[in-house]
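Asks: Below are the sequence and a predicted model; questions follow.
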Amino acid sequence: MSAPTSAFDLAAVDMDGTLLHDDKTLDSAAPSAFAEAVGAGRTVALCTGRCVSEIRPYLPQLPMVRYAIAEVGALLYDLREKRVVARHALPREVIDAVVSFVCSEDVMVQGVSAGQAYATASMVPRMAAYNMAPYIPLYEQTATLVPRMTDLLEDPTRTWEKLNLFHRSTQARERTRERLEGLPAVESYSEVTSLEVTPLGIDKGSGIRALCELLGIDASRALAIGDSDNDLAAFRDAGMGVAVANASERALGAADALVSAHDKGGVAEAVRRYLM
């Protein structure tokens, strides 16, 4: 795709690996660029695999951001009004399939329900074993920690928009993906050995389309900025996909444009170049 003759109307910005540094701090150049874009009448939205509870710690730095396409598109949330705009739950058969093998495969499960993250308390201090060490403080601060995630997943009265399955190796992750093959769900690789499970037909691209419809913006007027494989759908459905320089090989190949790395002001560069 090529950029339109005038600036885009909306930027959908990924968080981890894009807006956030490796230590999970916000890139300092981004807030002022976001404020300039919003002041010029544009919309900046977060478009992330994170749930709402994991986004909240950053909101004091991002008061100009109203909407979040959260949980890889499974939840559209109005941050200003603190309400769910749209929510998509995983079918029961997907939840049951995960419960059937997570213990035997030594998979750590994080579940998200109505924007709130849940995890097994005893596993959070051991997240480094699942290649998720940088997220330990976040989970300690924002997740609801329970004795056993499988007990919650087995409860038929609970519904879940998203499951994050953390593995010790890429081989283990591939075994999980194979076990879920054929079920009504989308499995997306993220981080080093993680698998994100969301409802079939739901991804960051569908989330961007939903937000554009809500705002009366054509999706061709949306800009997607990201770094990983779960951003490919955003690149596909937005008018333009921009990858930061540290992006995965697949994201770099799918992007229409490239900007500086996540810790070198890449997001601010993209916003100022294409949104104003």
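Replies: Arrived safely, thanks for sending.

Asks: And the residue nearest the centre of the chain?
Replies: Against the mean C-alpha coordinate of the chain, by C-alpha atoms, centre = their mean, the closest residue is residue 49 at 1.6 Å.

Asks: ranges for the strands of the stretch 151-276 of the chain?
Replies: In order along the chain, the stretch 151-276 of the chain carries the following strands (DSSP state E, counting those that start in this stretch): 162-166, 185-190, 194-199, 222-226, 240-244, 257-259.

Asks: what's the least confident stretch among those?
Replies: Between these, the lowest average pLDDT goes to strand 185-190, which shows a mean of 88.

Asks: ok so, going back, which non-adjacent residue is nearest the residue nearest to the centre of the chain?
Replies: Once its chain neighbours are removed from consideration, residue 49 has its nearest residue in residue 72; the separation is 4.9 Å (C-beta to C-beta, 6 or more residues apart in numbering). Any C-beta I mention is one placed from the backbone N, CA and C, and that applies to glycine too.

Asks: hang on, the one you found is in a helix, isn't it?
Replies: Yes - the assignment for residue 72 (DSSP: H, G, I helix; E, B strand; the rest coil) places it in a helix.

Asks: Just give me the neighbour total for it.
Replies: 32 (other C-beta atoms under 10 Å).

Asks: quick revisit: who wins for proximity to residue 10 among the strands of the stretch 151-276 of the chain?
Replies: Taking C-beta to C-beta, strand 222-226 is the member of the strands of the stretch 151-276 of the chain nearest to residue 10, at 4.5 Å.

Asks: Residue 268 against residue 35, yeah?
Replies: No - here residue 268 lies out of contact with residue 35, judged by C-beta atoms under 8 Å, at a distance of 10.7 Å.
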